[in-house]
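In: Next comes the sequence, and after it the predicted model I'd like to discuss.
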Amino acid sequence: HENLRTEGSGSPITWAPLSTGYQKQKSKKKSLVQKILTSSGALDQSIFQRTTEFEAAAGTNKIYAAAHQFGTEITHFGRSELFQRNRKPSGKFAKGTTPGHGSTFKQFIVKIPARPFLYLTKHYEDLIINDVKYYYSHI
């Protein structure tokens, strides 16, 4: 959780800043938090940690988390759409359809840079190593 709140400070990879376009989009929506990867807080809230006698695990169940952790490219393929209104101007349904308005969208690629948020900081890594050493010295 700390890694998200500090925008990856201490991360093995320095987080890339938000793209200019996305920064503008985010600033228009007053309800959104301006920090990276914290738009709704859902990713932060989904992070879990679990320990048993034999293992320790941490992760998230969000499908999009891997894209942010490792980085990816998402291709939005070109397409055409036809919009048709099936109502009269008064809001009542009309018989048949009115002529539609067509739109064409070009293919574009969204590049999401790697922003590793699930990692062990040196501090926590040292704590784990010390715990393991302590355990083995007392068996």
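Out: Thanks, I have the structure now.
In: what's the next secondary structure element after the helix or strand bottoming out on mean pLDDT in the chain?
Out: The helix or strand of the chain with the lowest confidence, counting by mean pLDDT, DSSP states H and E, is helix 2-5 at a mean of 78. Sequence-wise, the next helix or strand downstream of helix 2-5 (DSSP states H and E) is helix 20-28.
In: Quick check: buried residues in that following helix?
Out: The neighbour-count check on helix 20-28 (16 or more other CB atoms under 10 Å) flags residue 26 as buried. Any C-beta I mention is one placed from the backbone N, CA and C, and that applies to glycine too.
In: again, but for stretch 2-17
Out: 3-4, 7-8, 11, 15.
In: likewise stretch 58-72?
Out: Per 16+ other CB under 10 Å, stretch 58-72 contains these buried residues: 60, 65, 67-69.
In: How are the strands of this protein distributed by residue range?
Out: Under the criterion DSSP state E, the chain contains strands at 48-51, 56-59, 72-76, 79-83, 101-105, 108-112.
In: Nearest to residue 37, out of these?
Out: strand 108-112 (10.4 Å; CB to CB).
In: follow-up on the earlier one: which secondary structure elements does the least confident helix or strand of the chain sit against?
Out: When contacts are defined as 3 or more CB pairs under 8 Å, 6 or more residues apart in numbering; DSSP states H and E, helix 2-5 packs onto helix 42-46.
In: how about the helix it packs on as PDB, C-alpha atoms only?
Out: Taking Å, rounded to 0.1, in the frame of the first residue of the first chain, the C-alpha atoms of helix 42-46 are listed here in PDB:
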ATOM      1  CA  ALA A  42      -9.600   0.100  -5.900                       C
ATOM      2  CA  LEU A  43      -6.100  -1.200  -6.700                       C
ATOM      3  CA  ASP A  44      -4.800  -0.100  -3.300                       C
ATOM      4  CA  GLN A  45      -7.800  -1.700  -1.500                       C
ATOM      5  CA  SER A  46      -7.400  -5.000  -3.400                       C
END
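In: quick one: that helix to chain centroid distance?
Out: Remark: helix 42-46 is offset 10 Å from the chain centroid, using CA atoms, centre = their mean, to the nearest Å.
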